[in-house]
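1. how does the following fold in three dimensions:
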Amino acid sequence: MKNLLLIICLTVALALLGWWFVSTAGQSNSDTTKNEPVGITYDKASVKVSPQPDTKTVQVQEATLTEPGFLVLREVIGGTAAQVVEISSYLEAGTYTDLTIYAGEFYTGDAELMVVVYTDQQNDQVLNDLDQPLVASDGSFVATYVATGLSVPAEVFAPAQGALPVSISMGDMVMDMPTITYTNDGFKPASLEVTKGAMVHFVNESDTQMWVASDSHPAHDILPTFDQFKPGDMYMYIFEEAGEWAYHDHLNAAFTGSITVKN
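-> Coordinates of the predicted model:
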C-alpha cells in the first residue's frame, strides 16, 4: 500500500513538473514575438539603419529610446524635414532590434527618407502634433538617412521645428499663419488657398471636440499625413504638396473644408 501511494505521489509530482516546464517554455516563446526591448541599459538614444535602396520597406537594425515614443519615417525635401510618411507602433524606453517600417502605397519614392526618434510628449501613446523629434544631450537630433545610413544633421530640422529669430515669439508666428476656425457651424473659412510650404493653423472655438483629417472618411487616405490623429483644440500642418486637399472633422464628417496649395 505504501509503495502504491509513493508511486502515485511521484506520478503527480512528475506531471506537475512537466506542466510547469511546458508553461514556462510557452511563455518564453510568446515573449520573443512581442518585439519587446532587449537589454536593460539605454542611456544614449540612437537609431541604426543599413543603407538600403528599397524605401518601400525600411529595415531598422537597432533603435534605442531613452524615453517612450515612436520611430517616424519622414521625407526630406530640399534639405528640409518634410511630411511624415509612416510611424511605428508605440515603443517604451529601451533598445529594439530588427524593426520594419512600411512606407505605404502613398509614398511615391521621389523624396529622400529618414528615420527619426520622436518622444511621446503627452504620454498618450498616440503620435500627434505636440510630439517632437528627440534631441540628444549634444543637441543633435536622433535621426538616420535610409539611403546612406548616415546621421541627419541638425540643420535639416531647423525650419521644420519652427526655429524663429530672437525678435519673433511663437505667438507672433501663430498670428502670421493662415488660420481656420472650427465653430458650431463648421470650418471658417471652409476654403483656403495657400502657397506650397505654408503652415495652416486650425483652432477649435466650438462647443465640441475637433479632429481635423484628410478625406476620405474614415480612412484619411487622400493625404494620410494631414491628420490630427486625436481630438484637440489646436492643430498645425505644413502643406508641402501642391493640389486641392479636401478635409473634414473626423468626429462630425458633415463639416468639411478644402485647402488649395499652389506652387
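
2. quick one, strands of the stretch 1-150 of the chain?
-> 46-48, 57-65, 69-77, 80-87, 94-102, 112-119, 132-133, 143-145 (DSSP state E, counting those that start in this stretch).

3. for residue 190, which of the ones you listed is the nearest?
-> Closest of these to residue 190 is strand 80-87, at 23.4 Å (criterion: C-beta to C-beta). For the C-beta atoms, the positions are set from N, CA and C on the backbone; glycine is no exception.

4. now do that closest one against strand 112-119, angle only.
-> 70 degrees (axes from the mean of the first three to the mean of the last three C-alpha atoms, to 10 degrees).

5. buried ones in stretch 102-121, by neighbour count?
-> Neighbour-count burial for stretch 102-121 flags 103, 107, 111, 112, 113, 114, 115, 116, 117, 118, 119, 120 (criterion: 16 or more other C-beta atoms under 10 Å).

6. run the chain-centre distance for stretch 96-111.
-> 12 Å (C-alpha atoms, centre = their mean, to the nearest Å).

7. residues touching it, excluding its own?
-> For stretch 96-111, the external contacting residues (C-beta atoms under 8 Å, 6 or more residues apart in numbering) are 35, 37-38, 55-65, 71, 73, 75-77, 82, 85-88, 113, 115, 221, 224.

8. and these, which are buried?
-> Neighbour counting with 16+ other C-beta under 10 Å marks 37, 55, 58, 60, 63-65, 71, 73, 75-76, 82, 85-88, 113, 115, 224 as buried within the contacts of stretch 96-111.

9. least confident of the strands of the stretch 1-150 of the chain, on average?
-> Here those differ in mean pLDDT, and the lowest is strand 80-87 at a mean of 79.

10. next up, the contacts around the most centrally placed residue in the chain.
-> In the chain, the centroid-proximal residue (C-alpha atoms, centre = their mean) is residue 87; its distance is 3.8 Å. Residue 87 sits next to 70, 71, 72, 73, 101, 118, 127 when contact means C-beta under 8 Å, 6+ apart.

11. could you dump these into JSON lines with distance to residue 232 added?
-> Below are these laid out as JSON lines (distance: C-beta to C-beta, whole Å):
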{"residue": "70", "distance to residue 232": "18"}
{"residue": "71", "distance to residue 232": "23"}
{"residue": "72", "distance to residue 232": "19"}
{"residue": "73", "distance to residue 232": "23"}
{"residue": "101", "distance to residue 232": "25"}
{"residue": "118", "distance to residue 232": "17"}
{"residue": "127", "distance to residue 232": "13"}
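
12. out of the buried residues of stretch 102-121, who's nearest residue 157?
-> Taking C-beta to C-beta as the measure, residue 157 lies nearest residue 116 of those, at 8.4 Å.

13. who does the closest one form a beta bridge with?
-> Counting by DSSP bridges, residue 116 forms beta bridges with residue 72, residue 143.

14. shouldn't it be in contact with residue 145?
-> No: in this structure, residue 116 is not within contact of residue 145 by C-beta atoms under 8 Å, at 10.5 Å.

15. which residues do those two both contact?
-> With C-beta under 8 Å, 6+ apart as the test, residue 116 and residue 145 both reach residue 152.

16. quick one, helices of the stretch 151-263 of the chain?
-> For the stretch 151-263 of the chain, the helices defined by DSSP state H, counting those that start in this stretch cover 170-176.

17. okay, now the unreliable bits of it?
-> Flagging of the stretch 151-263 of the chain using pLDDT under 70 yields the residue ranges 158-176.

18. can you rerun that using 90?
-> Scanning the stretch 151-263 of the chain with the threshold set as pLDDT under 90 gives 154-178, 196-201, 218-241, 263.

19. domains of this protein?
-> 46-156, 170-262 (automatic domain parsing).

20. related to what we said a few turns ago, redo the strands of the stretch 1-150 of the chain as CSV? Include distance to residue 251.
-> Shown next, in CSV, are the strands of the stretch 1-150 of the chain (distance: least, C-beta to C-beta, whole Å):
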stretch, distance to residue 251
strand 46-48, 34
strand 57-65, 31
strand 69-77, 23
strand 80-87, 21
strand 94-102, 28
strand 112-119, 25
strand 132-133, 25
strand 143-145, 33
